[in-house]
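Trainee: The sequence and its predicted three-dimensional model are supplied below.
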Amino acid sequence: MKQIKFVRFGGLSPVNHKEFYKQDSFHSPPCKKGIYAFIFPYIEDFLWAWKVPGDGTTCTYNKYHKENRKEFTYKGELWVHWINEARKLGLGLEYKKDWVKIHTSNLLELFKLIKQEDRVQLKEKYNIGAHENIHDPYKRGLGGFMSKDHLEVFIERI
């Protein structure tokens, strides 16, 4: 099976998200400690580039991007936002807020389903005919593009 690569901006040690955990938003973490990451190469910059961790100042995007980007592989349990799709495939170890816990052995199959559903949504939104194909719904081009913010993952322990 193909190994999925992840990207994180900052360290790989679990971070305390206790205050953000108390909030009720789509991006609030499913547990108090862990790390947010992205499935490579689908990085949503606005989810990490708006603050420099720790000091609350505006991020100098290019500097922070180059100095703090970590690419890694991981096998084990992680949280994703794809609750309905996980249920369609009979997956899901646990559910919290807008997250479902799955194992990385199911991630590729689930991600393929997400990508296909996002292609269909783009075709419907932009009235694209069946003869036209959207190869990657997350890249700009034919039919616009889909946001990648629902592709973030949360890992409790690496």
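Mentor: Yes, it's here.
Trainee: and the strand ranked longest in the chain, what does it pack onto?
Mentor: Taking DSSP state E as the criterion, the chain has its longest strand at strand 33-39. Strand 33-39 makes packing contacts with strand 5-9, strand 15-16, strand 152-155 when contacts are defined by 3 or more C-beta pairs under 8 Å, 6 or more residues apart in numbering; DSSP states H and E. C-beta coordinates here come from the backbone N, C-alpha and C atoms, glycine included.
Trainee: For residue 89, which of these is the nearest?
Mentor: Relative to residue 89, the nearest member of these by C-beta to C-beta is strand 152-155, separated by 16.7 Å.
Trainee: for this structure, which spans come out with low pLDDT?
Mentor: 1, 46, 48-66, 130-131, 141-144 (pLDDT under 70).
Trainee: show me where the protein has helices.
Mentor: 18-21, 61-68, 83-88, 107-125 (DSSP state H).
Trainee: Now those in CSV, please, with extra columns for distance to residue 101.
Mentor: Shown next, in CSV, are the helices of the chain (distance: least, C-beta to C-beta, whole Å):
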stretch, distance to residue 101
helix 18-21, 15
helix 61-68, 27
helix 83-88, 9
helix 107-125, 11
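Trainee: Let me have those helices in JSON lines, adding distance to residue 137 and mean neighbour count as columns.
Mentor: Listed next are these as JSON lines, based on distance: least, C-beta to C-beta, whole Å; neighbours: other C-beta atoms under 10 Å:
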{"stretch": "helix 18-21", "distance to residue 137": "28", "mean neighbour count": "12"}
{"stretch": "helix 61-68", "distance to residue 137": "23", "mean neighbour count": "12"}
{"stretch": "helix 83-88", "distance to residue 137": "14", "mean neighbour count": "15"}
{"stretch": "helix 107-125", "distance to residue 137": "4", "mean neighbour count": "16"}
